[in-house]
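Asks: I'd like to go over a predicted model; first the sequence, then the structure.
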Amino acid sequence: MTITSFSPTVARSKRKDKNLLMIELPEPLFLKALNKQAVSRPPVWMMRQAGRYLPEYRAVRSKITFETLCTTPDLAAEVTLQPVDLLGVDAAVIFSDILVILGAIGVPFYFDLEGGPRISQPIRSASDIDKLVPAEPPSKLAYVGEAIRKVDAILRPRSVPVIGFAGAPFTLAAYAIEGKTSREFAITRRFLIEQPEAFSKLLSHLAEAIIAHLHFQIKSGARAVQLFDTWGGIMSSPEYRQIVYPHTKHVITEIQKAGVPIILYMNGSTPHLNNMLETGADGLSVDWRMPLDQVRQIVGSAPVLQGNLDPTLLYSKPEVIERKTRKMITDHGVSKLIANLGHGILPDVPVEHARAFIDAVKNYS
Ligand code: CP3
């Protein structure tokens, strides 16, 4: 494992104990940017950075199922570290999945042969919702905490923070109701129209489970968290505001009380920028459909923006990737920016192209 640019300041402790030396680690660049401090370049990481585009990930994954990888802390920690060691990203997102929380509340899922998530008994009625149980992450999701502890023990001395995450209430509800991934989520939207009270009850139950899971990840060493509302963008902005937003905001407020910054991601973010802004999230992670400088004009100066290179642009030649990445940063400006993609990295992107994106950000001046 390579240790890069680690220059701790050794300071004498202010405590009376003269022999106690405290190592002051530099504040990670990612946390500086998320806390709106001045930085010389934006930090960079990629959603789904621990995944199939890396041969080293495929090597681990070829021997075991996705479920085994998620629930074995040593292996989850190993693949979490891969993009940090191989590409030099500025943060490590813990390897897990947004769906693990559904298993914990009593909605078991599995991944079929094509790799898509499947829920054998999707939620279809108010009585299904009454049967849900609390998530109790320290017991039922203990493997996530264990993986975070392992990664944090290795990365904290290198000033690379671990990002914890969860799905947002709406996106998790959409999977729980639909039973699989979908383009339109028609069953979910019908449920929401026909059974609005049950739908709200489901969002509330999920919000409490998400809060508990994020608190557990923070206690285990996560220094920032991201809430994925990947499918929130299928709703109209006014409906999202009325039905979904209160639950998303509740999660964000509760996490901020723990003093940890939170980033909200949404695919289809453009019509929802004001909804996202008003949640008060520290960072807004937006898709690629609107250039960041235009997003900034809409949301104003308060939030940090994260994004938003089109993930398919990573199929371009490295010099094109580099040029577009530099332009993205120049057009927005260096401060209050975390460079990322507008959605997860695609599994068949060449590693050298991912590296061109990361290096373009790291060499930005
Ligand atoms: O590197 C990281 O970002 C951390 C790990 C991570 C995974 N899933 C691993 C994963 C994270 C943050 C997620 C989030 C997630 N999972 C989301 C929200 C973000 C997004 O991409 O929109 C969603 C909607 C899911 C649900 C999910 N998990 C789907 C729809 C699929 C199948 C599609 C696919 O990419 O294969 C998964 C499986 C999954 N989750 C894989 C990985 C690396 C692929 C599993 C494999 O190795 O075959």
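Replies: Received it, and whenever you're ready, just let me know what you need.

Asks: going forward, measure contacts and count neighbours with C-alpha atoms only.
Replies: Noted.

Asks: where do the helices sit along the stretch 51-200 of the chain?
Replies: 55-61, 66-71, 73-87, 100-104, 126-130, 137-140, 142-155, 169-178, 186-194, 196-220 (DSSP state H, counting those that start in this stretch).

Asks: of those helices, which approaches F357 most closely?
Replies: F357 lies closest, by CA to CA, to one member of those: helix 73-87, at 9.9 Å.

Asks: list the buried ones in the closest one?
Replies: Burial within helix 73-87, assessed by neighbour count using 16 or more other CA atoms under 10 Å, is assigned to 73-84, 87.

Asks: same check, this time on stretch 288-305
Replies: Within stretch 288-305, judged by 16+ other CA under 10 Å, the buried ones are W288, M290, P291, L292, V295, R296, V299, P303, V304, L305.

Asks: first vs last residue of that stretch, how far apart are they?
Replies: Taking CA to CA, to the nearest Å as the measure, stretch 288-305 stretches 12 Å from start to finish.

Asks: can you give me how far it is from the chain middle?
Replies: 19 Å (CA atoms, centre = their mean, to the nearest Å).

Asks: Provide the contact partners of that stretch at residue level.
Replies: 33-34, 36, 268, 270, 273-274, 277, 281-286, 307-311, 328, 331-332, 336-338, 341-343 (CA atoms under 8 Å, 6 or more residues apart in numbering).

Asks: Now, of those, which are buried?
Replies: 33-34, 36, 268, 270, 273, 277, 281-286, 307-311, 328, 332, 336-338, 341-343.

Asks: is any part of stretch 260-272 close to the ligand?
Replies: No. Applying CA under 6 Å from any ligand atom, one finds stretch 260-272 out of contact with the ligand, separated by at least 7.4 Å.

Asks: ok, residues contacting that stretch?
Replies: By CA under 8 Å, 6+ apart, stretch 260-272 touches 34-35, 218, 223-234, 236-237, 252, 255-256, 276, 281-287, 289-290, 295, 342-343.

Asks: how distant is that stretch from the center of its chain?
Replies: 10 Å.

Asks: Next: stretch 185-199.
Replies: That offset, for stretch 185-199, works out to 26 Å (CA atoms, centre = their mean).

Asks: what pLDDT, on average, does that stretch get?
Replies: In this model, stretch 185-199 carries a mean pLDDT of 96.

Asks: hmm, back to that, quick check: strands, which of the contacts of stretch 260-272 are part of them?
Replies: Among these, the ones falling in strands (DSSP state E) are A224, V225, Q226, L227, F228, D229, G283, L284, S285.

Asks: What is the nearest of these to R355?
Replies: For the ones in strands among the contacts of stretch 260-272, the nearest to R355 is S285 (20.8 Å; CA to CA).

Asks: contacting residues for that closest one?
Replies: So S285 contacts I263, L264, Y265, M266, L305, Q306, G307, N308, G342 (CA under 8 Å, 6+ apart).

Asks: Tabulate the residues you listed (JSON lines), appending pLDDT and secondary structure.
Replies: Formatted as JSON lines, the contacts of S285 follow (pLDDT from 0 to 100; DSSP: H, G, I helix; E, B strand; the rest coil):
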{"residue": "I263", "pLDDT": "99", "secondary structure": "strand"}
{"residue": "L264", "pLDDT": "98", "secondary structure": "strand"}
{"residue": "Y265", "pLDDT": "98", "secondary structure": "strand"}
{"residue": "M266", "pLDDT": "98", "secondary structure": "strand"}
{"residue": "L305", "pLDDT": "98", "secondary structure": "strand"}
{"residue": "Q306", "pLDDT": "98", "secondary structure": "strand"}
{"residue": "G307", "pLDDT": "97", "secondary structure": "strand"}
{"residue": "N308", "pLDDT": "98", "secondary structure": "strand"}
{"residue": "G342", "pLDDT": "98", "secondary structure": "coil"}
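
Asks: for the helices of the stretch 51-200 of the chain, which one ends up most surrounded?
Replies: Mean neighbour count (mean count of other CA atoms under 10 Å) peaks for helix 169-178 among the helices of the stretch 51-200 of the chain, with a mean of 25.

Asks: residues in the stretch 251-365 of the chain within reach of the ligand, list them.
Replies: Of all the residues in the stretch 251-365 of the chain, those lying near the ligand are G344, going by CA under 6 Å from any ligand atom.

Asks: Could you count how many residues lie near the residue of the stretch 251-365 of the chain found nearest the ligand?
Replies: Relative to the ligand, the nearest point of the stretch 251-365 of the chain is G344 (5.0 Å; CA to the nearest ligand atom). The number of residues packed near G344 is 15, by other CA atoms under 10 Å.
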